[in-house]
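In: Sequence and predicted structure, then a few things I'm wondering about:
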Amino acid sequence: MNDDELIASAAGHLNPRHVGDRLIGDVASTLVTDRGHAYHGVCIDTPCGTGFCAEHSAIAAMVTGGEERIAAIVAVWRDDDGVLYVVPPCGRCREFVRQLHPDNLDTRVVLGRDRAAPLRELLPAHEWPAPLD
């Protein structure tokens with residue numbers, strides 16, 4: 001799946017709606033594993049901070065499917081005028097991807113059309129620390 005297809009796939013899973021005072025489904029993510037399987041997820045925002053990002057949801061689906069290595073990942077959001085944006089992963093999502101499997105440092109993170117970077121470039125100082133003595 002190329003970057004435009006990945007973006008379109010994620011956009012196809014956008015389904016924003018309000019449940020009480022919570023907004024859910026306004027960010028969607030698609031990831032492709034090293035085996036070529038696609039997994040999708042949406043965010044769930046909650047007022048007390050217990051919600052989770054779309055990337056976490058897609059990763060949970062992937063783990064449920066028996067995989068842990070991510071070849072590429074993207075998240076998207078659409079504003080009130082219908083304009084689509086690629087949303088870079090937050091720090092929590094970046095670290096979550098990294099900790100899932102060591103090979104995920106090479107995950108291609110799509111940052112826009114014709115713009116991507118390996119996760120390792122988005123996580124400076126990602127190596128575990130060396131002993132001081």
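Out: That came through, no problem. Keep in mind it's a predicted model, so treat the numbers as computed, not measured.
In: Grab the most central residue of the chain for me.
Out: A centroid search over the chain (CA atoms, centre = their mean) returns Glu55, at 3.0 Å, as the residue closest to the centre.
In: for that residue, helix, strand, or coil?
Out: Following DSSP: H, G, I helix; E, B strand; the rest coil, we place Glu55 in the helix state.
In: Please apply the same query to Ile59.
Out: helix.
In: can you count the residues close to it?
Out: Number of residues near Ile59 (other CB atoms under 10 Å) recorded here: 25. (C-beta placed from N, C-alpha, C; glycine too.)
In: now do the one 5 residues further on
Out: Other residues lying near Thr64 total 9 when counted by other CB under 10 Å.
In: show me what contacts the residue nearest to Leu14 when sequence neighbours are not counted?
Out: Take Leu14 and drop its neighbours on the chain: the residue closest to it by CB to CB, 6 or more residues apart in numbering is Ala28, 4.7 Å away. Ala28 sits next to 10-15, 40-43, 54, 75-77 when contact means CB atoms under 8 Å, 6 or more residues apart in numbering.
In: With Glu67 instead?
Out: Glu67 sits next to Thr33, Asp34, Arg35, His37, Tyr39 when contact means CB under 8 Å, 6+ apart.
In: ok, now how distant is the residue lying closest to the first one once chain neighbours are set aside from Asp106?
Out: For Thr33, ignoring the flanking residues on the chain, the nearest one in space by CB to CB, 6+ apart is Glu67 at 4.6 Å. In this view, Glu67 and Asp106 are 15 Å apart by CB to CB, to the nearest Å.
In: Thanks again, I'm all set now.
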